[in-house]
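# With the input below, show me the fold.
(chains A and B)
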Amino acid sequence: MRRALRFFPILLMVLLAGPRPGVAADPNANPKRIDILYKISDHHYLDFKPIGKVELPRILRVDGAWVFYPSTTAALNSGDGWTDAWYLAHPDTVIYKADGTTIAPVSYDLVKADGSTAEFDFSITSHLAWFAFAGVLVLVLFGRLASKYDRSRKDGLVPRGTFMNIFESLVIFVRDDIAKANIGEEKYLKYTPYLLSAFFMILFMNLFGLAPWGVTSTSDIMVTAVLALFTFFITQKAGTKDYWMHVLAMPGVPKFMLVILTPVEILGLFTKPFALTVRLFANMASGKMLVYSILGMIFLFADMFGDWVGIGSAAIWIPFTLFIYAIKIFASFLQAYIFTMFSALFIGLAAADHSHDHEHGHAH
Amino acid sequence: MEYAYLAAGLGAGLAMIGAAIGIGMIGKSAMEGTARQPEASGDIRTSMIISAGLIEGATFFALAICILLALK
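Numbering: from 1, shown residues only, chains lettered A, B, ... in the order given. Below you'll find the predicted structure:
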């Protein structure tokens, strides 16, 4: 039971991240244009480019009832009457080929014939699917790792093989250099499971975006917001009486200053997770945009100076892209580290026992 | 309408100048500190990353406003 509880944060994260309306693309977009923001936004399908697309289930709430379709195509083909069926909100984004078949539309927003939309669109989207995949991967990998350590208990917990060695170094790093260093000797073990879950979930999601067909879930502000929300709640839960006293009525400050200080401190409670959200989101989204922007230079050059200049300039832009890729691998680890470390820092500040600090205060 | 793009571009550039000066100063002090006390390099690196992260966070607020201007 205790082991099951240890994985509880991951399960909650998977359940809470994301159901939300899909992102609408610009219906007037030129199909030849590379729409970078569309590339990094959330979709109702998983794109396996030369092979095809896998449409993800649609879960909609219509007139107070839940409707489930296994895919967008199923939703479009559903309904027994003209007024009952679903239609694409932007049918002009469907691109028709010469033989009459269609390329999948740019926007998967659904409307009824009378123009009404679903009250809620809880559809599973690509970011959510990859987020859940990261959660499952963390559960499976670390479940196996834990059982391996259980078995090696009699040989003194010595890691054996590549798998155990890779993850042991990372786990020990998170435990000692992030949790213990920022939270303190007495309390760090209580928060290490959350920090480990957050670290590996973020790391996996960041790295998925670098794999072929992969989607960076962390380049979605909703995913990072949910992760930061966990840090926020755990921080408040960890808060000692001392912490709340510092927030609501800072000791040792003139009474009239509290009028300014208390609102600022309360605001500070919310800006911390907000900064966590935006930092991770902006880093991962901008990295992805940068890759597309630099690759897009090839097409920009081809458009401006002719095809052969474009092809020739690829010799410059592809090494550039590879360089950005290398930086992104580093940034994947760095951002996971920074998110976890700031979480640990906030929890540590809230959970810290300030009694010895006051003695310093009296000394000078 | 075009001025929004101009404002977004200028804003992004100015925010970057500020962040670059800030992070550059952190890097300078961290390198000086490490050169003076190589045994404290681990602690210095951690505090360096924390300060750089805080500056980065503030910069991203500015950049988010620039993106909002450009996408308006």
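
# so which residue of the stretch 51-200 of chain A comes closest to chain B?
Closest residue of the stretch 51-200 of chain A to chain B, Cβ to the nearest Cβ: residue A:181 (6.9 Å). Glycine gets a C-beta too; all of them are placed from N, C-alpha and C.

# ok, residues contacting the host helix or strand of that residue?
Residue A:181 belongs to helix A:181-183 when assigned by DSSP states H and E. Contacts to helix A:181-183, defined as Cβ atoms under 8 Å, 6 or more residues apart in numbering or on different chains, come from residues A:191, A:341, A:344-345, A:347-348, A:351, B:46.

# repeat for stretch B:5-16
B:59, B:62-63, B:65-67, B:69-70.

# then that stretch to PDB, C-alphas only?
Below are the C-alpha coordinates for stretch B:5-16, written out as PDB (Å, rounded to 0.1, in the frame of the first residue of the first chain):
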ATOM      1  CA  TYR B   5       4.700  43.900 -34.500                       C
ATOM      2  CA  LEU B   6       7.200  46.700 -34.100                       C
ATOM      3  CA  ALA B   7       6.400  47.000 -30.400                       C
ATOM      4  CA  ALA B   8       6.700  43.200 -30.000                       C
ATOM      5  CA  GLY B   9      10.100  43.000 -31.700                       C
ATOM      6  CA  LEU B  10      11.500  46.000 -29.800                       C
ATOM      7  CA  GLY B  11      10.100  44.700 -26.600                       C
ATOM      8  CA  ALA B  12      11.600  41.200 -27.100                       C
ATOM      9  CA  GLY B  13      15.000  42.800 -27.900                       C
ATOM     10  CA  LEU B  14      14.900  45.100 -24.900                       C
ATOM     11  CA  ALA B  15      13.900  42.300 -22.500                       C
ATOM     12  CA  MET B  16      16.700  40.200 -23.900                       C
END
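
# Just the buried positions in that stretch, please.
By 16 or more other Cβ atoms under 10 Å in any protein chain shown, the buried positions in stretch B:5-16 come out as B:8, B:11-12, B:15.

# can you tell me which residues contact residue A:285?
A:40, A:216, A:219.

# Just give the number of residues close to the last one.
The local packing of residue A:219 (other Cβ atoms under 10 Å in any protein chain shown) involves 25 other residues.

# Same question for residue A:129.
For residue A:129, using other Cβ under 10 Å, the count is 19.

# That one is in what secondary structure piece?
helix A:126-151.

# Please name every helix or strand in contact with that helix.
Identification of packing neighbours for helix A:126-151 by 3 or more Cβ pairs under 8 Å, 6 or more residues apart in numbering or on different chains; DSSP states H and E yields helix A:8-16, strand A:45-48, helix A:161-173, helix A:188-208, helix A:221-238.
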